[in-house]
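*Asks:* Any chance you can model this:
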Amino acid sequence: ERFSGEGEKKKKKKKNMHNLIIKNILIVTLLILSTSFTLNDAAEPWQFGFQDPATPIMEGIINFHNHIMFFLTVVGIAVMWLLGRCMVLYDEDVNLEVDNFTHSTTLEIVWTVVPALILMVIAVPSFALLYSMDEMIDPAITLKVVGHQWYWSYEYSDYNHTTEDGEGIKFDSYMI
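*Replies:* Residues are numbered from 1 along each chain as shown. You can find the predicted model right below:
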């Protein structure tokens with residue numbers, strides 16, 4: 001009886017330890033998941049997607065990206081489906097009879113008009129976003145960056161009045 005009582009205590013202690021480990025794992029998992037969802041304002045290594053937008057322009061870029069990705073996915077799936085159907089239906093083991101199918105006016109109209117319509121549906125939000133990006137309302141600073149073959153040149157033209165020669169702040173940045 002003495003040994004069975006100690007065995008019960010060991011089992012309870014082991015079970016309590018097991019429950020404590022599970023609770024700690026759940027707490028750590030919850031903390032990791034909660035921080036990954038709440039701290040989306042900074043880039044992370046191997047991040048999939050955009051950061052949280054800070055401006056309405058970036059919000060428009062993200063929405064436009066999602067709009068484009070929808071059409072890209074639909075077109076990609078349709079093309080892969082058509083390729084698969086052609087490989088299955090026109091396999092020489094399955095289809096022994098050759099068709100002389102050369103012209104189909106309806107098919108040619110469809111495969112010309114459908115891509116044109118898709119491009120127009122994509123172009124309308126694209127132009128709206130492009131024109132909204134072109135509008136500059138009182139920029140805080142103006143920076144001119146010129147890329148040369150082996151270095152970059154920077155010019156802050158807003159500070160013309162603070163320099164002795166009145167040309168602003170200019171400098172070159174070399175790679176090494």
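
*Asks:* So which residue is dead centre in this protein?
*Replies:* residue 49 (3.5 Å; CA atoms, centre = their mean).

*Asks:* Just say helix, strand or coil for that residue.
*Replies:* Following DSSP: H, G, I helix; E, B strand; the rest coil, the label given to residue 49 is coil.

*Asks:* same thing with the one 3 residues further on?
*Replies:* The three-state assignment at residue 52 reads coil, by three-state DSSP.

*Asks:* Starting from residue 110, give me the distance back to it.
*Replies:* Residue 52 is 41 Å from residue 110, where distance means CB to CB, to the nearest Å. Using the backbone N, CA and C atoms, a C-beta is placed for each residue, glycine as well.

*Asks:* Where does pLDDT dip in the chain?
*Replies:* Across the chain, residues meeting the criterion (pLDDT under 70) sit at 1-7, 33-41, 160-163, 166.

*Asks:* still on that earlier bit, residues contacting the residue nearest to the centre of the chain?
*Replies:* Counting by CB atoms under 8 Å, 6 or more residues apart in numbering, residue 49 makes contact with nothing.

*Asks:* Compute the distance between it and residue 106, please.
*Replies:* Residue 49 is 41 Å from residue 106, by CB to CB.

*Asks:* and what of residue 9?
*Replies:* Residue 9 is 83 Å from residue 106, by CB to CB.

*Asks:* Please say which of the two ends up with more neighbours.
*Replies:* residue 9 (10 against 7; other CB atoms under 10 Å).

*Asks:* Mind checking what helix or strand follows the one helix or strand that one maps to in sequence?
*Replies:* Per DSSP states H and E, residue 9 falls inside helix 2-38. Remark: after helix 2-38, the chain's next helix or strand is helix 56-89, criterion DSSP H and E.

*Asks:* That following helix packs against which elements?
*Replies:* Judged by 3 or more CB pairs under 8 Å, 6 or more residues apart in numbering; DSSP states H and E, helix 56-89 is in contact with helix 105-134.
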